[in-house]
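K.L.:
Structure for this input, please:
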Amino acid sequence: MTTRGRTPIILVIEDYFENRVLLSAWLRGKGYKVVEAKDGREGLLQANRVNPDLILMDLTLPEIDGVEATRQIRKRHLLKHTPIFAISAYANREVKADAVAAGCTEMFALACLCSVAPDESPGCQPWPRNARSTVWLRRSPSVP
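P.N.:
Numbers count the residues shown, from 1 in each chain. This is a model prediction of the structure:
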């Protein structure tokens, strides 16, 4: 998979470490080059630095939230038409409307990582152990 003769670059802007690592590893496994940012301010810097082909933007970020970061990205000529997919564990119609109004291309409910056992949280599936603990994956409801 190439874009203009090069591997596509995806910028993942996500403050929750486990989600950022999970998304990045999955995308790298699919052959994409991935750049990460842990907050909105760092995301803006990385977007300007690497000019990504796609941005995955968490909406609840420290420093600058995802909606404001999207507004600022849309003001940049080189990034004006870059697809920005909003991702959020708190997805609903209202949040989606705000994200799209700010300039997000689309909104997706993000799978939440939680540290509870499946019997404590319906819909959880086991995720491989990491160095700290067992992590369980819980699916968020989809956004209409």
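
K.L.:
what bridges to the residue nearest the centre of the chain?
P.N.:
In the chain, the residue lying closest to the centroid (Cα atoms, centre = their mean) is residue 56, at 3.7 Å. Legend: beta-bridge partners of residue 56 under DSSP bridges are residue 12, residue 85.

K.L.:
who are the neighbours in contact with it?
P.N.:
10, 11, 12, 13, 14, 23, 85, 87 (Cβ atoms under 8 Å, 6 or more residues apart in numbering). The C-beta positions use only the backbone N, C-alpha and C, and glycine is treated the same way.

K.L.:
pLDDT wise, what is it at?
P.N.:
You'll see residue 56 listed with a pLDDT of 96.

K.L.:
where exactly do the helices run in the protein?
P.N.:
Under the criterion DSSP state H, helices of the chain are mapped to 17-29, 40-50, 66-74, 93-102.

K.L.:
most packed of these?
P.N.:
helix 66-74 (a mean of 22; mean count of other Cβ atoms under 10 Å).

K.L.:
How far away from the center of its chain is it?
P.N.:
With Cα atoms, centre = their mean, to the nearest Å as the basis, helix 66-74 stands 14 Å off its chain's centre.
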